[in-house]
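Undergrad: Need a 3D model of the sequence below.
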Amino acid sequence: MLFHAENLELRYSVGRRDGPREPAAPEFATPFLQVSQGERIAFVGPNGSGKTTLLKAMNGFLRPSSGFLRFLDEDAWTSAEMRRRCVYLHQQPYILSGTVSYNVGFGCRAKGMHAPETESRVREFLDLLGLSGFAHRRHRELSGGEAQRVALARAMASGAEVLLLDEPTASADAASAELVRRALRAAADSGVTLVFSTHDETLAHGLATRRIEFSGGVIASDRSL
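TA: Numbering: from 1, shown residues only. Modelled structure (predicted):
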């Protein structure tokens with residue numbers, strides 16, 4: 001079991017001009033949720049239904065206001081093990097200043113991989129995501145879909161065991177979206193756990209082994225595929 005939540009409530013806070021910040025209504029709440037190693041889970045539902053909020057909490061970006069969310073029996077909010085094993089991809093990912101090659105190799109270097117291994121992994125994942133001719137392109141020259149693929153290549157090259165992805169095909173045209181789907185299938189085949197929010201039914205039906213539907217900040221259904 002990777003993630004385990006009970007009586008979980010996630011909420012942001014709202015500011016007041018004349019006083020302290022107050023808790024808002026919950027953005028997401030669930031009495032119970034578990035995610036096992038190797039699962040491929042699609043979070044589906046309308047915008048604002050809690051999908052991104054839960055993904056952020058799973059990666060320690062948002063602290064539960066009540067209940068708990070654990071990664072391998074550690075508080076996900078503080079877990080160093082979660083940060084070592086998991087990578088979260090924003091819908092509009094942050095791309096570092098520099099070349100595509102520099103970006104994709106960033107996680108490898110951060111994990112202490114030697115230069116030859118880093119270079120090999122950069123080439124492998126650039127090729128997988130249709131970016132083999134982009135190695136020397138600068139970050140500012142990328143389209144939204146290209147930046148999304150670079151960010152995914154960076155996460156996969158780093159050896160992440162869990163990928164938490166917020167709308168991984170949202171900025172992609174049809175050809176780029178298929179490259180992302182292909183890369184995620186390859187990740188799944190290698191044993192990577194995938195949890196992703198999506199409006200892309202091709203991705204949800206073609207990749208997920210479990211579908212969790214969100215509505216109004218709660219889980220409306222949770223079923224295996």
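
Undergrad: need the helices for this protein, in chain order.
TA: 51-58, 80-85, 100-104, 106-110, 115-128, 144-157, 174-189, 201-207 (DSSP state H).

Undergrad: With mean pLDDT and mean neighbour count added, can I get these in CSV?
TA: C-betas here are computed from N, CA, C, even on glycine. Shown next, in CSV, are the helices of the chain (pLDDT from 0 to 100; neighbours: other C-beta atoms under 10 Å):
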stretch, mean pLDDT, mean neighbour count
helix 51-58, 97, 23
helix 80-85, 95, 14
helix 100-104, 97, 24
helix 106-110, 94, 16
helix 115-128, 97, 17
helix 144-157, 94, 24
helix 174-189, 95, 16
helix 201-207, 95, 15
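
Undergrad: Any chance of CSV for those helices, columns distance to residue 4?
TA: Output for the helices of the chain, formatted as CSV (distance: least, C-beta to C-beta, whole Å):
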stretch, distance to residue 4
helix 51-58, 11
helix 80-85, 12
helix 100-104, 32
helix 106-110, 26
helix 115-128, 31
helix 144-157, 23
helix 174-189, 22
helix 201-207, 23
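
Undergrad: how far away is residue 188 from residue 71?
TA: From residue 188 across to residue 71, the span is 20 Å (C-beta to C-beta, to the nearest Å).

Undergrad: Then residue 125?
TA: Distance from residue 125 to residue 71, by C-beta to C-beta: 25 Å.

Undergrad: Do I have it right that residue 164 meets residue 88?
TA: Yes. Applying C-beta atoms under 8 Å, one finds residue 164 in contact with residue 88, separated by 4.5 Å.

Undergrad: so what sits against both of those two?
TA: Residues touching both residue 164 and residue 88 (C-beta atoms under 8 Å, 6 or more residues apart in numbering) are 55, 58, 59.
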